[in-house]
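Visitor: What shape does this take:
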Amino acid sequence: MFRKKKRPGAEISSSGLADISFLLLLFFLVTTTIDVDTGIDLVLPPWVDNAEQVAVKSDNIANLLVNEVGDVLLDEKIIGVPQIKSEMIARIKSNPKLIISYKTVRDTPYKIYIDVMDQLKLAYTDLRQEYSREKFGVPMDQANEDQIMEIRRAIPQRISLAEPTQAEG
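Guide: Have a look, this model is predicted:
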């Protein structure tokens, strides 16, 4: 009778597999971006030669110190990180010339340093938003360039970052 011929099974050619893998690898290497931002983004004022030293009254300075265990002291009184923003808003409203002197010790935890700095910047952001709404009737992100410059002149960010010191003890 009739015998069925055995047909060879279908095979997938793997000769191009290495080429395709290489092209995919190359594609992802070329299109992937790597975030290389490190450190803290601070905009410093331009350097001025022979800058005049100005005496500041002690009433116009708020001393903020973070110690090695992460305790935050505002004018030598312990304050929690979440309370910094509201306390600074109240103080800046009562004294528009207030300068915040922010100092740490070398062993201060980095997270606490950043959290405190965020609270200080949030205080200024909230004050500027409030000023923008009162003066121009719009939030700061909807203000035009001239209005933003006026807001920044009216509420300048006065944060003095002092050089860290060694922990005592």
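Visitor: got a list of what N60 touches?
Guide: Taking C-beta atoms under 8 Å, 6 or more residues apart in numbering, we find N60 in contact with N95, K97, L98, I99. Glycine gets a C-beta too; all of them are placed from N, C-alpha and C.
Visitor: out of the residues you listed, which are inside strands?
Guide: Taking DSSP state E, the ones among the contacts of N60 that sit in strands are I99.
Visitor: Tell me which two in the contacts of N60 are the farthest apart.
Guide: Spanning the widest gap among the contacts of N60 are N95 and I99, at 9.5 Å by C-beta to C-beta.
Visitor: and which of the contacts of N60 is nearest I84?
Guide: Nearest to I84 among the contacts of N60: L98, at 13.5 Å, using C-beta to C-beta.
Visitor: Not counting sequence-adjacent ones, nearest residue to the closest one?
Guide: Residue nearest to L98 in three dimensions, not counting chain neighbours: I92, with 5.2 Å by C-beta to C-beta, 6 or more residues apart in numbering.
Visitor: Does the one you found touch R128 like I think?
Guide: No. Counting by C-beta atoms under 8 Å, R128 is not a contact partner of I92; they are 10.7 Å apart.
Visitor: related to what we said a few turns ago, per-residue pLDDT, the residue nearest to L98?
Guide: I92 carries a pLDDT value of 93.
Visitor: what touches both of I92 and R128?
Guide: Listed as contacting both I92 and R128 by C-beta under 8 Å, 6+ apart are I155.
Visitor: which residues in this protein form strands?
Guide: Under DSSP E, the chain gives strands at 61-66, 72-74, 77-79, 99-104, 159-161.
Visitor: Just the buried residues of the third one, please?
Guide: In terms of neighbour count (16 or more other C-beta atoms under 10 Å), strand 77-79 has its buried residues at I79.
Visitor: Can you list the strands that that strand pairs with?
Guide: Strand 77-79 has the following sheet partners, assigned by DSSP bridges: strand 72-74 (antiparallel).
Visitor: same question, the last one
Guide: Taking DSSP bridges as the criterion, strand 159-161 sits next to strand 99-104 (parallel) in its sheet.
Visitor: Mind listing the residues bridging to the closest residue to A162 other than its chain neighbours?
Guide: Leaving aside its sequence neighbours, A162 sits nearest to K103 (C-beta to C-beta, 6+ apart; 3.8 Å). Beta-bridge pairing of K103 under DSSP bridges involves L65.
Visitor: show me where pLDDT drops low in this structure?
Guide: 1-2, 37-44, 166-169 (pLDDT under 70).
Visitor: Output the longest helix belonging to it.
Guide: The helix that spans the most residues within the chain, counting by DSSP state H, is helix 110-136.
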